[in-house]
Structure formats: structure tokens, C-alpha cells
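**Student:** Test case, fold it:
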Amino acid sequence: MYVPAQFAPGDEDVERLLARHGAADLITAGPDGLDATMLPLLYDGDQGTLLGHFARNNDHWKRADGRQGLVIVRGPDSYISPTWYASKAEHGRVVPTWNYVTAHVHGPVTIHDDVDWLESLVRRLTDAHETDRPVPWRVDDAPEKFFHGMLRAIVGVEVRIERIDAKFKLSQNRPDADIDGVVAGLQSVGDTAGAEAVAAHRP
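**Tutor:** From the prediction side, this is the model:
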């Protein structure tokens, strides 16, 4: 990944992105070319892994086991209009661009076709996404027979993290007045996440 110095995030920023992201793209190379599947993945920082599950009917898991994987994790991304820059009125030498937050996670893929492993994962993944809801749904809210039937319809996947390349391109290369304009512009179009990301990472 091409990462100019001003867009290189700190380790804590990358940890937060991995811990708070939603779904991510898992890409592997198989005998017939590239496979890609979007999966909700749980970051386990202590073990240095990303954990998730495939639908059993998705043959990608059969080709992924034991291969190197690339997981593309995304944070906010936003179109940036040059009309938001104070520099436009000063000299006009501005162009549109795109702000984004992303991490490319590299590592070997292991498939887990074990019901106990899957049950533990599904409980952890569910709790991670339900914990902030006013009335969280729990796995035990579902009938036990139904839940175990659903477990038979999935297979687990683990990516052991060997390398992370990350880039937080959030207008850090612009003058202060332009950054103010970007924050205001994103707020004006309802892109709260984009505005907050720019504000949080201004130099």
C-alpha cells in the first residue's frame, strides 16, 4: 500500500479500526484465480487474529484453507469537493479528492469446521455487535435446536495477522483553513462520520 508519511496512522488508531469495523473483504488466491467474500470479522488483539465465518454453501472456504489471505478493512470514506477549501478562493489550484480510512491485513487462513469453535465465535461476534443496543439480543434468545442447526450451516475462518498496512487519508496534507472547510462541508452533506474522522486526525 502506498502510504505518504502524513497519512500513516499510529498503532492505536489501527487497533481501534480493527476493533470497531463492521464487515471486511477477505481475499485469497486459489487455483482458478482470486476469491473474495465480505465477512463480519472479530478482532482478537491478544491472539493477533481476525475471526469470522463463511456460509457453508460458499465454496470460497474450501479454497482458502492454508492459503495467504488479504483482509481489507474500511473505516469512513468521503468525496471531498474543492469548493470546501478556503484555498479555492485564494488561488484556485485545487482538485477533488477522496478521504478514506483503510487497513490491509495479511496472514495465513485457517478454516474451523468444529461446532464448539463456531459456537464460541458466534457468541463473541453477536455480543460485540449487540452490546451497545438498548435491549441486546443474545444467542440464547433463539431456540437451542434452531441455533445449533444454524451452526451446521457455517464454517469458521481465522486469519492470523502477520502484517498490517494502514492508511488514514483525512486531509492532513491541507492547510488549517481547508481542513475547517472539509469538516464543515462534510457536516453540511450529513457525513458525520467523515467529518469526525477529519477533525480527530488533523495535524
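**Student:** how about residue 73, what does it touch?
**Tutor:** The contact partners of residue 73, by Cβ atoms under 8 Å, 6 or more residues apart in numbering, come to 17-18, 21, 24, 41, 102-105. The way it works is simple: take the backbone N, C-alpha and C, and place the C-beta from them, glycine included.
**Student:** least confident pick among those?
**Tutor:** For those, the weakest pLDDT value sits at residue 21, with 78.
**Student:** Phi first, then psi, for that residue.
**Tutor:** Backbone torsions of residue 21, given as degrees, to the nearest 10, read phi -70, psi 170.
**Student:** Setting the sequence-adjacent residues aside, check what's closest to it.
**Tutor:** Leaving out its chain neighbours, the residue that sits closest to residue 21 by Cβ to Cβ, 6 or more residues apart in numbering is residue 73, at 4.9 Å.
**Student:** From residue 147, how far off is that neighbour?
**Tutor:** Taking Cβ to Cβ, to the nearest Å as the criterion, residue 73 is separated from residue 147 by 28 Å.
**Student:** Now the lengthiest strand in the chain - C-alpha only, PDB.
**Tutor:** In the chain, taking DSSP state E as the definition, the longest strand is strand 97-112. Provided in PDB are the C-alpha atoms of strand 97-112 (Å, rounded to 0.1, in the frame of the first residue of the first chain):
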ATOM      1  CA  THR A  97     -10.100  14.000  -3.900                       C
ATOM      2  CA  TRP A  98     -11.300  11.200  -1.700                       C
ATOM      3  CA  ASN A  99     -10.700  10.800   2.000                       C
ATOM      4  CA  TYR A 100     -10.600   7.300   3.500                       C
ATOM      5  CA  VAL A 101      -9.500   5.000   6.300                       C
ATOM      6  CA  THR A 102      -8.400   1.500   5.500                       C
ATOM      7  CA  ALA A 103      -6.100  -1.300   6.700                       C
ATOM      8  CA  HIS A 104      -4.800  -4.200   4.600                       C
ATOM      9  CA  VAL A 105      -4.300  -7.200   7.000                       C
ATOM     10  CA  HIS A 106      -2.100 -10.100   5.700                       C
ATOM     11  CA  GLY A 107      -1.800 -13.600   7.100                       C
ATOM     12  CA  PRO A 108      -2.500 -17.300   6.700                       C
ATOM     13  CA  VAL A 109      -6.100 -18.500   6.600                       C
ATOM     14  CA  THR A 110      -7.300 -21.500   8.700                       C
ATOM     15  CA  ILE A 111     -10.700 -23.000   8.400                       C
ATOM     16  CA  HIS A 112     -12.500 -24.300  11.500                       C
END
